[in-house]
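Student: Okay, here's the prediction I keep looking at, along with the sequence it came from:
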Number of protein chains: 2
Amino acid sequence: MPADSDLIVPGGEDRDVDKSLFKSLPERSKHEDFIRRAVDLLVERVVFGRTSRTSKVVEWTAPEDIKTAIDLKPRDGPVSHDELLGIMADVARYSVNTGHPYFVNQLFSTVDPYGLIGQWLTDALNPSVYTYEVAPVFTLMEEEVLREMRSIVGWPEGQGDGIFCPGGSVANGYAISCARFYYYPEIKSKGVYAVPKLVLFTSELAHYSTKKMAAFMGIGSDNCVLVKTDKCGKIDVNDLEMKITEAIEDGATPFLVTATAGTTVYGAFDPLVPIAAVCKKYNIWLHVDAAWGGGALMSKKHRHLLSGIELADSVTWNPHKLLAAPQQCSTFLIRHKNVLKEGHSSNAKYLFQKDKFYDTSYDTGDKHIQCGRRADVLKFWFMWKAKGSEGFEKHIDTLFDNAKYFLEHIRQRDGFQLVVENPECTNVMFWYIPTCLRGRENEPDYKERLNKVAPKIKERMIKEGSMMVTYQPQGDLANFFRIVFQNSALDHKDMVYFANEFERLGKDIVV
Amino acid sequence: MPADSDLIVPGGEDRDVDKSLFKSLPERSKHEDFIRRAVDLLVERVVFGRTSRTSKVVEWTAPEDIKTAIDLKPRDGPVSHDELLGIMADVARYSVNTGHPYFVNQLFSTVDPYGLIGQWLTDALNPSVYTYEVAPVFTLMEEEVLREMRSIVGWPEGQGDGIFCPGGSVANGYAISCARFYYYPEIKSKGVYAVPKLVLFTSELAHYSTKKMAAFMGIGSDNCVLVKTDKCGKIDVNDLEMKITEAIEDGATPFLVTATAGTTVYGAFDPLVPIAAVCKKYNIWLHVDAAWGGGALMSKKHRHLLSGIELADSVTWNPHKLLAAPQQCSTFLIRHKNVLKEGHSSNAKYLFQKDKFYDTSYDTGDKHIQCGRRADVLKFWFMWKAKGSEGFEKHIDTLFDNAKYFLEHIRQRDGFQLVVENPECTNVMFWYIPTCLRGRENEPDYKERLNKVAPKIKERMIKEGSMMVTYQPQGDLANFFRIVFQNSALDHKDMVYFANEFERLGKDIVV
């Protein structure tokens, strides 16, 4: 037993000593053996084994069948290492292959090799990021990456602050919190009772999180006012201003506009410059939810889509979306320096002691509403190191090029009808019209029948596992497909594959 | 290019085909080579290389020196694979070794081999848990684990609901949200304006998150009333009732008491049975923050500490704390079936379509305030499979036994003075008194001098890297140490090591 410092080996990495994480040598050797076998399985079967285009995206299995295939219930006794390896294989088998090139169903996909290794390293180090003492590297890395992202947004050097969040929804919640604290700091202690009814604004096509967070944060979903959009899905700035003046006339307190840079379904970019002008006129905080579209800032060719974002007070930007970092990597960036800290700090003495021997301004955890917090930075930072900003730019340009190619391909192809003629992001929205419905657009039950097509195609698609593309209705529009690209390993041939697959799965559908 | 289904290999895992995640064969082979080398480094140097007792817990490095050692700034161009491997080694080197047996600084530690593999598998599958369609296995696994945890809490089979949260703070926020929605559902749409001022109660030694979340959620930190505690750190039930009646007299709306099962510093367990009686009397929601102490429910010997928890309306329980699951694994459990869903759902049509071909009650994402969400269940479930409930019970019993041994050891040893004579959890709080202060308890500057001891010992400790134990002041008490056990690979000899280390580092300190 090492009872004095002589036995502490500086930087020692002596694997052969008895005293280790694993109590005794036999136990340790058993664990080591398991870890090696499990890692082999992970690398060969999961990482390399599931991403070829000839494997299935999903092995569709109904809930009751998965429950039969995997014994999900925790038991009293342990299972053997061999059984554990079998369980790992089963979990992988019945899970959706989100790293597959033909998983284009959500605003995330891909398992980037550098992102994955960055994540695995994070897990092995098992940090919680709140103090420099406990997470020195992760703390500095977060600060550096957030600083760089603010610089890409276009804010002057040295301004602002930022945090990593558990998803874009929570980041949009921070926007609500920071905006109301900035104008009415007394809300922190007194609650929203301290000022007349708070009202915020976002578009009717914005992500649902702003409304949801308004409810969670005590403002109420009705006080999140939805502003009209045009046919491309962009916010109607006149309607925004009208609704702001209406709220003021009603005696409410408008304090926040959340604009969207890349809406969830259409990928539309709200016009930030005129919105910023309205916000300035009424002294309202401008938040830009660029969770989805933020990645386009990395491309000289496409960053114009977000022009005016530098006028925002705060920004949500999720590198796990367009930049294809692993789940979850989500940031909230803010132009004002101390709002996050002053708006959220509680100065808990057991964690944020001020008499530590180092500069405690590096103890950044009190800016967050979380206490313990996973490090989501390393995987993204590691990808950035591996590819460089140039690599991200090339990635983005490839995605937009693929989306454009797919758009033009289906525009000319029988059976495809576009929902938005010229979408701005890498989302492409369309109806696939089966033979039985072609030429029947004017019949009274057309829309009702069309509405049934996408769910039927989707069922076939999932059951065959040949691709995954999502559908949804919107407003008065019947169910349509949204295909979405974040995987730059795809090429033009893949775009033709997707169109062919829709034809194969959908042409003969009868509704 | 596979243009028809014949080329879709059922369950295919053909690694040799050209079409893969990685665009071309040369690129793929380059990535494969990197992944293999990186994994070797991870397993040998990080997982196995850092957990022996003779290695350092931390290689203390000041912020500016880390910035010199690691080029943290993202750059335009990529770096080579060799450089990336070097970076990985450096990130590990300068990170705190939270898996080290002598990292006893926070309410988490250990890198459990099964937990780690479960986490790595999760990363390789890169799921986001909101719909069954996209995360079938993870969805069912969450439901099963949460059901089992509710059953351990003691609620009747078939009742209740639960979710995984990004940390205990957010889970405590869900308690606020669910309680206020349960009594006043109109708050969801109208905001807290809909009812007279909301007031909630927790102890003065409760985790800061309840107050912080009250501020974030629009109620205001002042309306989180702090109740007195006794000298063991338990809530004073008379004071609780008095403060509730005072609030009612003031015209406010008491709706929630958050009791604590295992306080952050003292590890105290609030008396749940009498608190539940008060809550019942005043029709107030009882939430139990068992983030820390919840793991004791797995032990027949120690679960009495939480007796009465089955009377709670909701519970926070973090398996990443006492049960040593990897960061982050945090749950919110609730006895009422539909409150989470009704209180938080927004029915976004693009994600939660009701015309899917399967039973959409499995699409559980709308219960959350997050949209995209990491799967934190698999690592814990996998540990449970590997160890069985019996394994967790043995783990808990070992922790309590070690804590008791350490307590009795320092009780009899010169220089140690206990803050709490008989702590209930695995936290042990003490002052180490250097020689220069012994026998001077009655001198007027004693407390001021004592207050300086812990920071000085801590600085030495960190700079030597021989262990990591945190300190804090509390109320009128001078800085004291809190050692905390969650790593069941420790044994009685390690307990003596800790005491010896305090003596070695602290005995000659001059303040």
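Tutor: It's in.
Student: Residue of chain A closest to chain B, please.
Tutor: Using CB to the nearest CB, the single residue of chain A nearest to chain B is A:Gly218, 2.2 Å away. In short, each C-beta sits where N, CA and C put it, glycine included.
Student: Quick check: A:Arg438 touching A:Gly415?
Tutor: Yes: counting by CB atoms under 8 Å, A:Arg438 touches A:Gly415, with 7.2 Å between them.
Student: about what we covered before: which residue comes closest to the residue of chain A closest to chain B once chain neighbours are left out?
Tutor: B:Gly218 (2.2 Å; CB to CB, 6 or more residues apart in numbering or on different chains).
Student: buried set for the longest helix seen in chain A?
Tutor: Using DSSP state H to define each element, chain A has its longest helix at helix A:377-411. Across helix A:377-411, burial judged by 16 or more other CB atoms under 10 Å in any protein chain shown covers A:377-389, A:391-393, A:395-403, A:405-407, A:409-410.
Student: could you give the mean pLDDT of that helix?
Tutor: Confidence for helix A:377-411, expressed as mean pLDDT, is 98.
Student: got any ranges where chain A has weak pLDDT?
Tutor: Along chain A, the model assigns pLDDT under 70 to residues A:1-26.
Student: For it, which segments count as strands?
Tutor: Applying DSSP state E to chain A gives strands spanning A:161-165, A:198-203, A:224-227, A:253-260, A:285-289, A:314-317, A:330-334, A:416-418, A:427-432, A:470-474, A:477-484.
Student: can you pull the contacts of the residue nearest to A:Gly218?
Tutor: B:Gly218 sits next to A:Ile187, A:Gly191, A:Val192, A:Met217, A:Gly218, A:Ile219, B:Gly191, B:Val192 when contact means CB atoms under 8 Å, 6 or more residues apart in numbering or on different chains.
Student: thinking again about what came up before, tell me the most buried of the strands of chain A?
Tutor: strand A:314-317 (a mean of 32; mean count of other CB atoms under 10 Å in any protein chain shown).
Student: A:Ser466 against A:Val104, yeah?
Tutor: No: using CB under 8 Å, A:Ser466 is not in contact with A:Val104, being 11.8 Å away.
Student: the helices in chain A, which residues?
Tutor: A:25-41, A:63-69, A:81-94, A:113-125, A:136-153, A:168-183, A:187-190, A:209-216, A:237-249, A:272-282, A:339-344, A:377-411, A:446-464, A:492-506.
Student: Determine the angle, from 0 to 180 degrees, between the fifth one and strand A:161-165.
Tutor: On the basis of axes from the mean of the first three to the mean of the last three CA atoms, to 10 degrees, helix A:136-153 is oriented at 110 degrees to strand A:161-165.
Student: Next, see if helix A:136-153 gets close to chain B.
Tutor: Yes: judged by CB under 8 Å from any CB of the partner chain, helix A:136-153 and chain B are in contact via A:Pro136, A:Val137, A:Phe138, A:Leu140, A:Met141, A:Glu144, A:Val145, A:Glu148.
Student: who does the closest residue to A:Ile334 other than its chain neighbours bridge with?
Tutor: Spatial nearest neighbour of A:Ile334, chain neighbours left out: A:Ser314 (4.4 Å); criterion: CB to CB, 6+ apart. In this entry, A:Ser314 is beta-bridged to A:His287, A:Ile334, by DSSP bridges.
Student: Enumerate every residue touching A:Ser314.
Tutor: A:Tyr174, A:Ala175, A:Cys178, A:Ala179, A:Trp285, A:Leu286, A:His287, A:Val288, A:Phe332, A:Leu333, A:Ile334, A:Arg335.
Student: How about A:Glu448?
Tutor: With CB under 8 Å, 6+ apart, A:Glu448 has these contacts: A:Ala478.
Student: Run through the residues of the stretch 201-350 of chain A sitting next to chain B.
Tutor: So the stretch 201-350 of chain A meets chain B at A:207-209, A:211-223, A:264-265, A:318, A:320, A:326-328, A:330, A:344, A:346, A:348-350 (CB under 8 Å from any CB).
Student: Give me the buried entries from those.
Tutor: A:207-209, A:211-223, A:264-265, A:318, A:320, A:326-328, A:330, A:344, A:346, A:348-350.
Student: Can you give me every residue that contacts A:Ser307?
Tutor: A:Leu272, A:Val273 are the contacts of A:Ser307 under CB under 8 Å, 6+ apart.
Student: what about it, distance to A:Thr426?
Tutor: 18 Å (CB to CB, to the nearest Å).
Student: Quickly list the domain ranges of chain A.
Tutor: What automatic domain parsing lists as the domains of chain A is A:4-94, A:128-374, A:385-506.
Student: what about the second one, how long is it end to end?
Tutor: Pointing back at domain A:128-374 there. 5 Å (CA to CA, to the nearest Å).
Student: tell me, how many neighbours does A:Asn238 end up with?
Tutor: A:Asn238: 12 surrounding residues under other CB atoms under 10 Å in any protein chain shown.
Student: That one: what's it in contact with?
Tutor: Neighbours of A:Asn238 in contact, by CB under 8 Å, 6+ apart: none.
Student: same thing but at 10 Å, please
Tutor: A:Val227, A:Lys228, A:Pro274, A:Val278 (CB atoms under 10 Å, 6 or more residues apart in numbering or on different chains).
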